[in-house]
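Student: give me coordinates for this.
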Amino acid sequence: MRRTMKARRDSPRKESMLVIHVHVRVKTECVEAFKQASLENARDSVREPGIARFDVVQQQDDPTRFVLVEVYRDVDATAQHKETAHYARWRDTVAPMMAEPRRSVKFDNVFPDNAEW
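Tutor: Residues are numbered from 1 along each chain as shown. Below is the predicted model:
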């Protein structure tokens with residue numbers, strides 16, 4: 001077992017997929033409009049080759065709170081995503097709907113393996 005652990009430590013780390021959780025709180029009167037704009041953006045986003053998954057989830061006990069769960073095949077895909085017309089349209093559309101600035105948290109994928117996404 002020690003040999004296996006040492007081999008893992010010594011082997012070059014393969015690039016992990018990047019998972020980003022974008023936390024959003026919108027104004028109460030904007031909930032439905034935000035959902036519509038975000039669903040349109042998500043549908044277009046999953047067509048990008050660098051995106052493995054793009055989820056839009058809404059908090060059960062506070063419908064003004066959402067999390068966008070974005071899974072990118074590599075770091076470059078995040079920059080490519082931000083250059084798309086659909087992202088720019090979403091960003092500009094939802095900007096006045098924000099109750100506070102959105103924030104993101106970045107994660108490295110651990111499981112499942114990148115090939116299984």
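
Student: drop to CA atoms for contacts and neighbour counts, all remaining ones
Tutor: OK.

Student: can you show me the helices along this protein?
Tutor: For the chain, applying DSSP state H gives helices covering 2-10, 31-45, 75-82, 85-94.

Student: residue 17 is nearest to which of the ones you listed?
Tutor: With Cα to Cα as the criterion, residue 17 lies closest to helix 75-82 of the helices of the chain, at 7.7 Å.

Student: now the closest one: average pLDDT?
Tutor: In this model, helix 75-82 has an average pLDDT of 96.

Student: contacts for it?
Tutor: 17, 18, 45, 48, 50, 51, 72, 87, 88 (Cα atoms under 8 Å, 6 or more residues apart in numbering).

Student: and those as CSV, adding pLDDT, neighbour count and distance to residue 100?
Tutor: Output for the contacts of helix 75-82, formatted as CSV (pLDDT from 0 to 100; neighbours: other Cα atoms under 10 Å; distance: Cα to Cα, whole Å):
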residue, pLDDT, neighbour count, distance to residue 100
17, 92, 23, 28
18, 95, 22, 25
45, 98, 21, 24
48, 98, 15, 28
50, 96, 20, 29
51, 97, 22, 26
72, 97, 24, 25
87, 98, 18, 19
88, 98, 13, 19
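
Student: still on that earlier bit, of all the helices of the chain, which lies closest to residue 109?
Tutor: helix 75-82 (12.1 Å).

Student: tell me the buried residues in that closest one?
Tutor: Of all the residues in helix 75-82, those buried under the rule 16 or more other Cα atoms under 10 Å are 77, 78, 81.

Student: before we move on, the earlier item: wait, which of the contacts of helix 75-82 is closest to residue 37?
Tutor: The shortest approach to residue 37 among those belongs to residue 87, at 10.1 Å (Cα to Cα).

Student: show me what contacts that closest one?
Tutor: Contacts of residue 87 by Cα under 8 Å, 6+ apart are 41, 45, 81.

Student: number of nearby residues for the nearest residue to residue 55 once chain neighbours are set aside?
Tutor: Nearest residue to residue 55, sequence neighbours excluded (Cα to Cα, 6 or more residues apart in numbering): residue 69, at 4.9 Å. For residue 69, the count of nearby residues is 19 (other Cα atoms under 10 Å).
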